[in-house]
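Asker: return a 3D structure for these sequence lines:
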Amino acid sequence: MYAIIRTGGKQAKVRQGDVIDVERLKNAGEAVEFKPLLVVDDGGATISDREQLAGYTVRAEVVGDTKGEKIDIFKYKNKTGYRRRMGHRQIYTTIKVTEIVGPKPKKAKAEPVKAEPAKAKAAKAATKAEEK
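Answerer: Below is the predicted model:
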């Protein structure tokens with residue numbers, strides 16, 4: 001079973017046990033939950049309806065924070081002496097997907113007892129009175 005989740009403006013395909021880097025999650029704590037956008041079960045059935053997906057949750061534990069590759073930024077304008085050099089390293093949160101939880105199976109409801117109409121009750125009471 002796998003799910004597509006959304007985090008940090010991006011989407012990721014995850015399975016149970018996957019370790020992925022997502023954009024930094026501030027104040028994440030030790031565990032994180034995501035609502036999936038799509039779920040494909042082991043049988044190959046795809047679930048994408050919002051009402052059905054409301055029962056699904058992707059649970060993950062936070063492993064730690066890491067820094068990405070350094071990106072060099074160089075701005076230059078010809079014949080003006082304008083040059084700017086900067087760098088940037090994005091911070092990522094590493095998470096490990098622990099489980100993909102589906103909706104709980106619905107319990108069979110007992111059929112409600114239908115109330116008898118007042119005329120039927122009166123007729124039963126009359127027959128019981130005649131028997132006595």
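Asker: so how many other residues sit close to Ala126?
Answerer: Neighbour count of Ala126, defined by other Cβ atoms under 10 Å: 10. Bear in mind the C-beta positions are built from the backbone N, C-alpha and C, glycine included.
Asker: just the pLDDT at the most centrally placed residue in the chain, thanks.
Answerer: Nearest to the geometric centre of the chain sits Lys35, at 1.7 Å (Cα atoms, centre = their mean). In this model, Lys35 is scored at 93, pLDDT.
Asker: next one: it from Lys70, what distance?
Answerer: 33 Å (Cβ to Cβ, to the nearest Å).
Asker: show me where this protein has helices.
Answerer: Secondary structure of the chain by DSSP state H: the helices cover 50-53, 118-131.
Asker: possible to save those as CSV with mean pLDDT and distance to Tyr82?
Answerer: Output for the helices of the chain, formatted as CSV (pLDDT from 0 to 100; distance: least, Cβ to Cβ, whole Å):
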stretch, mean pLDDT, distance to Tyr82
helix 50-53, 89, 50
helix 118-131, 71, 93
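Asker: got a list of what the residue nearest to Lys104 when sequence neighbours are not counted touches?
Answerer: Nearest residue to Lys104, sequence neighbours excluded (Cβ to Cβ, 6 or more residues apart in numbering): Gly55, at 7.5 Å. The neighbours of Gly55, taking Cβ atoms under 8 Å, 6 or more residues apart in numbering as the test, are Gly102, Pro103, Lys104.
Asker: Gly55 and Asp65, how far apart?
Answerer: Separation of Gly55 from Asp65 (Cβ to Cβ): 31 Å.
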